[in-house]
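1. Can you look at this prediction? I've put the sequence above it.
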Amino acid sequence: MSRAWMLLAALLVPNVVLAQQEGKVGKPTGVSLTIYNQNFGVVKDRRKVELANGRTMLIVEDVAQQIDPTTVHFKSLTAPNAVVVREQNYQYDLINPLTLLNKSVGKRVTIRQNLGNGQQREVSGIILAPVTAAVAQTGEGGDGTSTSYNGLVIQADDGKILLNPVGEAQLHEMPAGLVPIPRLVWLVDSAQAGEHEAEVSYMTQGLTWRADYVVVLSADDKLVDVTGWVTLDNKSGATYENANLQLIAGDVRRIQPPAGLGGGRRNAEMMKADAAPAFAEESLFEYHLYTLDGTTTVRNNEQKQMTLLNANKAPCVKKFVYDGRTGFWGIFNPDFRPGEQWDTSNYKKVNVIVEVKNAKPSLGIPLPKGRMRLYKADSKGSLQFVGEDEIDHTPKDEIVKLKVGDAFDIVGEHKRTNFRRISDKEVEESFEITIKNHKSEEVTVSIIEHLWADWRITQKSADFVKRDARTVEFPVKVPKDGSATVTYTARTRWL
């Protein structure tokens, strides 16, 4: 920090003298913290306050800097019917060097300047225009660092006008209305004097959480161990000591832009420890509430990770999916006609999908949205990362589908082998899909095909399942070190 800022900071005074009698406000004796996974939270704390008979001013300075002042609520738990809040203020005009200078327009200031060779001079005058920026720069002759006050205009005592002076600024008096940190101020009318237990509640931005899951596959890829972690991120500008912590999972509607949390990574070996789950889950409205067993301290500018769940030997299914019909053009062209824009695809990747049913006895609890990272032990027993995917909020008894990568030893080929126009509103197409398996074991691959408009398959070499109005699936077994081919012909009509 430059000497200029140090001199300005030295002007701080404890509190401006206020007209009303100021009551004593104690530190929180109990904190409840509810965090949503949408970058906000609800804070409730209890504290002792001293109220006079009549009007008292209460000042609370240890609130979150990202508080939403429209959500603040104060009440006396000791005598709720005897205490009325007459006025509530959120003061956030904070003390900093630029604010101090800009609040001092029309007041006196002294600029101490280095002239080189250890010589200095002082220029005093009246501030006429505010500062737009303060830039540190090296003084002449290398005599330390001074500050240039861009935009600052001073009328010196000798009548000269100084523009953007360089030096150390010294104010002669403290501007009124500035506070060192954001604070809440209440004017309270009380019919009962003495000590009250009060509750202060508010919403704040800068609090969020997300779930991270470590999934360890068994050697045969048929079972998984799942460890869920909660990652809290506190950038609200306050620390919550020994808080009763609750987490809300769900999409709560708020009139504000959404925000997310950048999550960190933990070492897989650390995260596979069989820790006891720290949270109990329950339904709340159309969301799910997770309550921490005990209390925890959530510090400002801190990420904290806590165990959410542990599940062992949950059944899973590994699937291979080839969706090769990706070459499609012209759908937004007004002259588009189905069939004419399909072409042979050069997409050869076969996707690897791992499905886990969120059901008892292993799982069976609502899973908050988050990232699932999959690991598998190698021949020496070391866990290796094999892929990851994001999941949305998943209720119990639903399937968790994870696309974790593409198969190395399985490839697909997709081509159109024939096209015939039957009329202006009907075409016939034939396709050939080949799966090549270079593994030393047989695999089953689901071939996904997409159709349009009013379609029907007239010829096929294998049975298919209609997944929806535009999607069919051909399950095909492919022998080890071999291949399998599916052919079909479809007719498409449109209005």
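-> Right, received. Where do you want to start? Predicted model only: the values in this text are computed from it and were never measured.
2. ok, V404 to V352 distance?
-> Distance of V404 to V352, computed by CB to CB, to the nearest Å: 5 Å. C-beta: built from backbone N, CA, C; applies to glycine.
3. part of a strand, is N81?
-> No - using DSSP: H, G, I helix; E, B strand; the rest coil, the assignment for N81 is helix, not a strand.
4. what are the ranges of the strands in the stretch 1-150 of the chain?
-> Assigned by DSSP state E, counting those that start in this stretch, the stretch 1-150 of the chain shows strands spanning 30-36, 40-51, 54-60, 67-76, 83-91, 108-116, 119-129, 133-138, 145-150.
5. closest to L245 out of those strands?
-> strand 30-36 (5.3 Å; CB to CB).
6. Point out where the protein drops to low pLDDT.
-> 1-20, 137-145, 255-278, 283-284, 286, 326-343 (pLDDT under 70).
7. Domains in it, by residue range?
-> Domain assignment for the chain by automatic domain parsing gives 3-94+179-204, 97-171, 315-493.
8. Give me the distance between the second one and the centre of its chain.
-> By that I understand domain 97-171. Chain-centre distance of domain 97-171: 43 Å, with CA atoms, centre = their mean, to the nearest Å.
9. what's stretch 288-296 in contact with?
-> 230, 242-250, 278-283, 304, 306, 308, 366, 368, 393 (CB atoms under 8 Å, 6 or more residues apart in numbering).
10. Looking at those residues, which are in strands?
-> Using DSSP state E, the members of the contacts of stretch 288-296 that fall in strands are 230, 242-249, 279-283, 304, 306, 308.
11. of the residues you listed, buried ones?
-> Buried members of the ones in strands among the contacts of stretch 288-296, scored by 16 or more other CB atoms under 10 Å, are V230, A243, N244, L245, Q246, L247, I248, A249, F279, E281, M306, L308.
12. Tell me if I'm right that the fifth one and L33 touch.
-> Yes - Q246 lies in contact with L33 (CB atoms under 8 Å); the separation is 7.2 Å.
13. picking up where we left off before, which one, of the strands of the stretch 1-150 of the chain, ends up nearest to G324?
-> The nearest among those, by CB to CB, is strand 30-36 at 41.2 Å.
14. What residues sit buried inside the closest one?
-> So for strand 30-36, counting by 16+ other CB under 10 Å, buried means V31, S32, L33, T34, I35, Y36.
15. got a list of what the third one touches?
-> Put plainly, it is L33. Contacts of L33 (CB under 8 Å, 6+ apart): G41, V42, V43, K44, L207, Y240, A243, N244, L245, Q246, V298.
16. likewise the fourth one?
-> Neighbour list for T34: G41, V42, Q246, L247, I248 [criterion: CB under 8 Å, 6+ apart].
17. picking that back up, can you add distance to G118 and give the contacts of L33 back as TSV?
-> TSV is the format used below for those (distance: CB to CB, whole Å):
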residue	distance to G118
G41	54
V42	58
V43	53
K44	58
L207	52
Y240	51
A243	55
N244	60
L245	58
Q246	62
V298	51
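18. and of those, the nearest to L374?
-> Using CB to CB, the contacts of L33 come closest to L374 at L245, 28.6 Å.
19. now that closest one, which residues is it bridged with?
-> L245 has the following beta-bridge partners by DSSP bridges: L33.
20. For it, give its distance to W494.
-> 57 Å.
21. any idea which helix or strand carries the spatially closest residue to Q459 that is not a sequence neighbour?
-> Excluding the flanking residues, the one nearest Q459 by CB to CB, 6 or more residues apart in numbering is T489, at 4.2 Å. Assigned by DSSP states H and E, T489 falls within strand 482-493.
22. Give me the buried stretch members for that strand, please.
-> A484, V486, T487, Y488, T489, A490, R491, T492.
23. What of stretch 401-409?
-> L402, V404, G405, A407.
24. Distance from the chain centre to it, please.
-> 27 Å.
25. which outside residues touch that stretch?
-> 215, 320, 349-356, 372, 374, 386-389, 391, 437-439.
26. Selecting buried members of these in PyMOL, what would you type?
-> Only the buried entries of these go into this PyMOL selection, using 16+ other CB under 10 Å:
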select buried, resi 215+320+349+350+351+352+353+354+356+372+374+386+387+388+389+391+437
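27. so of the contacts of stretch 401-409, which ones are in strands?
-> Those of these mapping onto strands are 215, 320, 349-356, 372, 374, 386-389, 391, 437, per DSSP E.
28. would you list every one of the strands in the stretch 301-450 of the chain?
-> 302-322, 349-357, 370-377, 383-391, 399-423, 426-437, 443-450.
29. Specify the stretch among these that is closest to P97.
-> strand 302-322 (27.9 Å).
30. Walk me through which strands that closest one pairs with, and which way each runs.
-> strand 223-234 (antiparallel), strand 349-357 (antiparallel), strand 443-450 (parallel).
31. in that strand, what's buried?
-> Quick answer for strand 302-322 (16+ other CB under 10 Å): 305-311, 314, 316, 318-322.
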